[in-house]
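J.: Provided below for reference: sequence and predicted model.
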Amino acid sequence: MHIDPLERRWIILTLVLMLAITGVLLGYAIAANLHPPSNVETIDSTRLHLTPEFAEDKLGVAKNPDGTLTVTMVAGRYGFYPQHVEVPVATPVTFRIASADVLHGVHVPLTNLSTMIVPGYVSEVTTLFEKTGEYPLLCNEYCGLGHDHMWSRLTVISPQ
């Protein structure tokens, strides 16, 4: 089979660029210690309200023995439950969120809190809020016709 020399050069150039880009990404991943997520925690979304952790009376803020906080939430059409969360400033907070129905996301503007909430999995994010104030918890994944009304409030208060 005959390949035109110009086409051969483009094929070689394309392969070299693909290898170079793959090498750069791999090198960066190794240098920055990036790796795929692990410790994936699954949950049955259809029975979410019956689980010990995500039952309606268990949602909200809980203080851990080491002084950190755990916020347990459920994302469902079209809101986050509980509707209002209050945490102290400069305290490590772990958010554990599960979806009761479809794909959701949670984002708190002006902070580093942002993650996807995939049905069947528990999303866990640990963060620290540096400034007091009231922040919205917004859904950043389209989840249906009421998506634009899906938000909740996060209040960061001074420690007492």
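T.: Arrived safely.
J.: make it CA atoms for all contacts and neighbour counts henceforth
T.: OK.
J.: which stretches of this protein form helices?
T.: 5-31 (DSSP state H).
J.: wait, V85 sits on V61?
T.: Yes - with contacts counted by Cα atoms under 8 Å, V85 reaches V61, the gap being 7.1 Å.
J.: domain-wise, how is this protein divided?
T.: 1-35, 45-157 (automatic domain parsing).
J.: dump those domains to TSV, plus mean neighbour count and mean pLDDT.
T.: TSV is the format used below for those (neighbours: other Cα atoms under 10 Å; pLDDT from 0 to 100):
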stretch	mean neighbour count	mean pLDDT
domain 1-35	11	91
domain 45-157	17	92
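J.: if we can go back for a sec, what's the overlap in contacts for V85 and V61?
T.: Listed as contacting both V85 and V61 by Cα atoms under 8 Å, 6 or more residues apart in numbering are V71.
J.: and S99, how far is that from K63?
T.: Per Cα to Cα, to the nearest Å, S99 is found 23 Å from K63.
J.: again, but for T22
T.: Taking Cα to Cα, one finds T22 at 44 Å from K63.
J.: V118 too?
T.: Going from V118 to K63 by Cα to Cα gives 25 Å.
J.: ok, what's across the strand from the spatially most central residue of the chain?
T.: When Cα atoms, centre = their mean is applied to the chain, the residue found nearest the centroid is T115 (1.6 Å). Beta bridges link T115 to V106, judged by DSSP bridges.
J.: distance check, it against K63.
T.: Computed as Cα to Cα, the T115 to K63 distance reads 22 Å.
J.: next up, the contacts around N112.
T.: Per Cα under 8 Å, 6+ apart, neighbours of N112: T127.
J.: please state the offset of stretch 63-73 from the chain centre?
T.: Here stretch 63-73 is found 18 Å from its chain centre; the criterion is Cα atoms, centre = their mean, to the nearest Å.
J.: what sits up against it?
T.: Counting by Cα under 8 Å, 6+ apart, stretch 63-73 makes contact with 53-54, 58-62, 80-82, 85, 87, 91-98, all of which sit outside it.
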